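# okay, here's the prediction I keep looking at, along with the sequence it came from:
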Amino acid sequence: MAHLAEVSSLTDELITLITSISQSDPKFNVYRESSLRSLRHHSNLRTNQFDVEDQLNGWEERFRVQGRDGLADALHTRLEALQAQSDKWTPDILHFLLELADQPTQKTRLIDLELLKEPDIELGHRLTWDEIANEDDWAKDRALWKSIDYGDSSDDGDFDEAKSETSTDSVSTLLSSTDKYQRTIDDLIIDQSGEDELLKVVGSQAWRHTDPPLDQNGRPKKTPISDIQVFREALFMLGGHPTSLFNEDCNPILNYQLSNVSWDSFKALITTYAEWGRTLRPLRVLSTAKQQVSLLQVFQDAITEQLILFDRQLSDIQARYVAVKQDVVVSLTGILAELGDSFSTLSALSTLVIQLDEQRNVYPFKYLELLFEAAGTAQAAGNDVVYTSLGKIFFDCFQVYLRPMRLWMEDGELADDDKTFFIFQTPTKVPLKDIWSGQFKLRQTQNGALHAPKFLHPSTKRIFTTGKSVNVLKHLGRYENAKKQWTGREPILDFATACSSDELGLSPFEELFNEAFGRWIRSKHHATSATLRQVLFDSCNLSRALDSLQHIYFGADLSALDSFASPLFRHLDTLSPSWRDRFTLTEIAQEAFSRYADSYRLSAHVDPRGVVHSGITSRSSVRVSLPAIRLTYRLNWPVQLILSETSIAGYQSIFTFLLQLRRGTSTLQKQWVARSSISADHLVRNYGFYCLVRSKLLWFCNTLSTYLTSLVLVPSIIAMKENLRNALDVDDMIQVHSTFASNVIEECCLGAKLKPLRDCILDVLDLVIRLEDTHRAEVAKEREELQEISRLSVNSSPMKPGASRPRKRTGDDDDMAEVDSDMEDVFHRSGFEPEKAYGETLRSIDSDFEKHLRFLSGGLRGVARATRGPAAGRWDILAEMLEVGINEAGSQRVY
């Protein structure tokens with residue numbers, strides 16, 4: 001909005017200056033809307049600075065060719081002075097002036113430059129010749145300027161009244177400075193002294209226009225030419241100029257033959273020159289093409305610079321034969337050898353350009369990949385000249401590609417409409433918690449590959465992470481302070497620094513570049529990532545959030561977990577619908593975990609899919625009700641960058657598993673019925689077997705709980721916290737926590753491939769509820785019978801009912817009585833009737849437990865052998881722990 005307001009105000013000011021109309025005029029709004037519409041749809045690209053520089057150099061050369069050396073020198077001097085004071089708008093200003101230029105060679109006057117100079121400060125009045133003449137009466141003495149005859153004659157009649165040469169010269173000194181530039185008739189006289197030289201030049205070029213000689217049969221023969229003529233034509237062709245010996249495609253015209261040389265030798269020699277010319281032709285075509293992308297402009301400038309060096313070498317060779325200072329030999333093969341080093345670099349560039357032309361829809365950075373590969377190939381081939389030249393060109397062009405990368409890594413910003421960079425910003429706004437993973441994306445090609453040079457692929461992750469870290473710091477308000485602390489200097493990234501080290505001189509070019517570029521990235525990545533990591537731990541309370549999650553979901557404090565689970569299990573056992581009420585659950589959870597978490601962040605609810613079952617079904621199995629209970633702990637958005645929703649879902653799975661295990665343990669512990677309260681004969685006979693089965697199940701629950709806490713959760717949590725502290729950046733922190741969550745899920749037997757084993761564990765926990773329900777049902781049945789017998793005895797007794805005194809109950813007896821009363825009520829309402837006799841049910845439960853235990857132990861062994869990783873070792877240990885309780889023949893039971 002601020003940008004639009006600024007554009008609107010500047011547009012109003014521009015319209016007022018140009019049209020001179022008031023803003024109240026109706027036409028003003030028409031002009032304003034038209035201007036804003038034009039600016040809004042403005043699609044002009046940035047001025048090509050290299051094209052502007054070439055045009056200015058071309059004007060300087062044109063001034064010298066047309067004899068305006070003074071004007072050329074003035075332009076050259078001012079361009080050099082401008083380089084020290086140029087800014088980003090300089091190319092646009094110069095381009096604007098070039099567009100305004102109107103025949104500068106003919107219409108420009110050097111005297112106009114004097115108007116640009118600041119006038120000298122005059123300290124006082126300056127004396128002029130007119131004032132001296134008036135003061136000394138020179139103006140009145142006309143005879144002062146007359147000619148004097150110094151001859152011997154004293155004849156006054158011979159006195160010449162005409163003006164002398166001296167007086168003429170004196171008068172000319174009074175003319176204005178503009179008269180000096182007036183042409184006289186002497187300036188129109190043409191000197192004919194060079195006519196003989198002109199005839200010699202015409203004669204030397206006559207071979208171009210003469211008809212070829214004929215042989216005896218009347219067929220045309222080859223026109224003989226001299227070495228110097230072939231030499232001149234070849235050099236001009238290599239320089240990109242039209243010649244008579246080669247056509248426009250640099251193919252030799254076979255109508256000529258070198259004197260005193262066989263046709264085959266001449267043809268081979270001229271063909272070699274033609275191949276060189278065809279090699280240089282794509283480079284000269286590219287150097288004159290107009291490029292709009294800055295990345296291609298710098299490549300074009302690099303090729304133009306190489307061509308200029310080659311043309312300068314051609315000019316030096318020509319100068320040796322034009323201004324001959326000593327005897328020289330014209331050797332066409334020697335010229336090829338002399339130009340070999342320069343041509344080898346141009347040949348490599350030409351091959352690269354041809355490869356680019358052959359590919360369709362090539363990306364602008366494709367030539368960087370080809371340059372990188374060509375430099376490595378030249379180094380491997382031992383061609384130091386080509387390797388050095390291509391390496392320098394690569395680093396020069398790569399500097400332009402570094403500009404958006406530097407802007408991203410230092411300021412977290414992306415250039416507008418930059419389609420060459422491999423990072424882009426999504427057009428839609430995302431929540432702050434998703435800014436790390438959803439606001440910025442890596443650009444990909446149509447094939448799904450990363451839209452970046454191949455040699456940058458190993459480093460794109462750190463580049464991407466650094467810019468995102470800067471954006472997070474900006475949202476946290478810590479960027480400006482952090483930027484002041486980043487005092488490290490950016491390493492120099494050029495060919496001399498990267499590839500001229502004595503220690504790494506023999507290393508491949510790829511390794512040299514990776515080492516230099518790695519230093520450049522580390523200078524920006526390390527400081528940014530370390531700052532953000534410190535802010536997350538110190539200011540955003542990441543450590544406290546982790547501790548809160550571990551107490552809530554992992555039961556780090558068992559008393560807190562029991563404070564939440566006990567009321568929940570009581571509601572389930574009494575068939576109370578309160579366990580489905582999210583407000584009741586939230587209140588219980590906040591009270592239970594208030595010491596370890598912010599209560600206002602914690603809430604609880606029941607998944608609607610878990611309330612479709614009846615209360616009896618919900619209490620009779622750990623599979624039905626407990627998985628539907630969800631705890632939600634709202635984290636602040638910086639912490640959510642590290643703890644993803646997928647990881648929190650894993651936390652919830654572990655919490656559900658621990659809650660199911662706690663359900664089995666509490667059922668065995670809280671519903672214990674002492675033998676002294678049992679009087680029925682069949683209960684007394686089966687009491688020992690009941691205690692045996694109960695101890696087996698209790699041992700299983702305790703063993704599994706020990707494994708989860710001591711071998712899985714505690715060591716993994718300690719390692720995870722240490723790895724988070726040592727992580728390089730946020731991506732590594734996310735990876736550390738995600739790896740921790742996935743590993744814990746697997747080690748807790750909650751992974752997808754361990755689903756049969758997890759179902760077996762839940763079957764054992766359901767056996768716990770089945771055992772206690774069966775035993776409670778029998779105890780309740782016995783009590784009913786005893787009460788009925790007691791009632792009948794009282795009615796038949798002669799004593800009055802009020803004579804008996806009730807036994808005084810203790811607090812524990814009251815609690816037990818309350819539990820018994822509630823459970824008896826549940827059994828009455830549920831109509832629970834065992835399918836088998838009490839003893840048969842106990843033996844069935846014991847048999848099922850033995851079967852499940854063997855399946856668990858064998859399954860864990862098999863999965864551990866078939867799996868690699870830390871989880872396999874943990875499963876093997878759990879299998880050993882469970883094998884202790886297996887009842888094998890000839891072995892002793894351990895419970």
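Right, received. Where do you want to start?

# can I get the CA coordinates of stretch 518-527 in PDB?
Below are the C-alpha coordinates for stretch 518-527, written out as PDB (Å, rounded to 0.1, in the frame of the first residue of the first chain):
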ATOM      1  CA  GLY A 518      31.200 -23.900   0.700                       C
ATOM      2  CA  ARG A 519      33.200 -21.300   2.500                       C
ATOM      3  CA  TRP A 520      31.000 -18.600   0.900                       C
ATOM      4  CA  ILE A 521      27.800 -20.300   2.100                       C
ATOM      5  CA  ARG A 522      29.100 -21.000   5.600                       C
ATOM      6  CA  SER A 523      29.900 -17.300   6.100                       C
ATOM      7  CA  LYS A 524      26.100 -16.600   5.800                       C
ATOM      8  CA  HIS A 525      24.500 -19.900   6.800                       C
ATOM      9  CA  HIS A 526      26.200 -20.500  10.100                       C
ATOM     10  CA  ALA A 527      25.600 -17.100  11.700                       C
END
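
# so, low pLDDT: which residues of the stretch 651-800 of the chain?
Residues of the stretch 651-800 of the chain meeting the criterion pLDDT under 70: 671-685, 780-800.

# how about the residue lying closest to Ala375 once chain neighbours are set aside, what does it touch?
Among residues not flanking Ala375 along the chain, Leu390 sits closest, at 4.2 Å (Cβ to Cβ, 6 or more residues apart in numbering). The C-beta positions use only the backbone N, C-alpha and C, and glycine is treated the same way. By Cβ atoms under 8 Å, 6 or more residues apart in numbering, the residues touching Leu390 are 345, 348-349, 371, 374-375, 378.

# Asn514 and Thr665, how far apart?
Note on Asn514: its distance to Thr665, by Cβ to Cβ, to the nearest Å, is 57 Å.

# between the two, who's got more neighbours?
Between Asn514 and Thr665, Thr665 has the larger neighbour count (other Cβ atoms under 10 Å), namely 20 against 17.

# so that one touches Asn702, yeah?
Yes. With contacts counted by Cβ atoms under 8 Å, Thr665 reaches Asn702, the gap being 7.3 Å.

# what's near enough to touch the residue nearest to the spatial centre of the chain?
By Cα atoms, centre = their mean, the mean C-alpha position of the chain lies nearest to Phe464, the distance being 2.9 Å. By Cβ under 8 Å, 6+ apart, the contact list for Phe464 reads 423, 440, 442.

# show me where the stretch 51-200 of the chain has helices.
Shown for the stretch 51-200 of the chain, the helices assigned by DSSP state H, counting those that start in this stretch span residues 69-83, 90-100, 104-107, 129-135, 165-173, 195-204.

# over to the stretch 451-600 of the chain?
460-476, 479-485, 495-499, 509-538, 542-553, 558-573, 582-592.

# mind listing what's buried in the first one?
The reference is to helix 460-476. Buried positions in helix 460-476, judged by neighbour count with 16 or more other Cβ atoms under 10 Å: 460, 462-473, 476.

# how far off helix 509-538 does it point, in degrees?
Helix 460-476 runs at 30 degrees relative to helix 509-538, counting by axes from the mean of the first three to the mean of the last three Cα atoms, to 10 degrees.

# pull helix 460-476 out as CSV, backbone CA atoms only.
What follows is helix 460-476, C-alpha atoms only, in CSV (Å, rounded to 0.1, in the frame of the first residue of the first chain):
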residue,chain,number,x,y,z
THR,A,460,20.7,-25.6,-2.4
LYS,A,461,19.4,-26.9,1.0
ARG,A,462,21.7,-24.6,3.0
ILE,A,463,20.9,-21.7,0.7
PHE,A,464,17.2,-22.3,1.0
THR,A,465,17.4,-22.7,4.8
THR,A,466,19.4,-19.6,5.3
GLY,A,467,16.9,-17.3,3.6
LYS,A,468,14.0,-18.9,5.5
SER,A,469,15.8,-18.4,8.8
VAL,A,470,16.2,-14.7,8.0
ASN,A,471,12.4,-14.5,7.3
VAL,A,472,11.6,-16.2,10.6
LEU,A,473,13.9,-13.8,12.5
LYS,A,474,12.1,-10.9,10.8
HIS,A,475,8.7,-12.2,12.0
LEU,A,476,10.2,-12.7,15.5
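
# mean confidence for that helix?
With pLDDT averaged residue by residue, helix 460-476 scores 92.

# the longest one too?
Mean pLDDT, taken over the full extent of helix 509-538, equals 90.

# the inter-axis angle of that helix versus helix 542-553?
Going by the same axes, to 10 degrees, helix 509-538 makes 70 degrees with helix 542-553.

# list the buried residues for helix 509-538?
Across helix 509-538, burial judged by 16+ other Cβ under 10 Å covers 509, 512-514, 516-517, 520-521, 524-529, 531-533, 535-536.

# from the contact counts, what lies against that helix?
In terms of contacts (3 or more Cβ pairs under 8 Å, 6 or more residues apart in numbering; DSSP states H and E), helix 509-538 is packed against helix 366-381, helix 384-411, helix 460-476, helix 479-485, helix 495-499, helix 637-642, helix 730-747.

# do you know the pLDDT at Asp158?
45.

# you'd agree His605 is in a strand?
Yes. Under DSSP: H, G, I helix; E, B strand; the rest coil, His605 sits within a strand.

# got the contact list for it?
582, 585-586, 630, 632 are the contacts of His605 under Cβ under 8 Å, 6+ apart.
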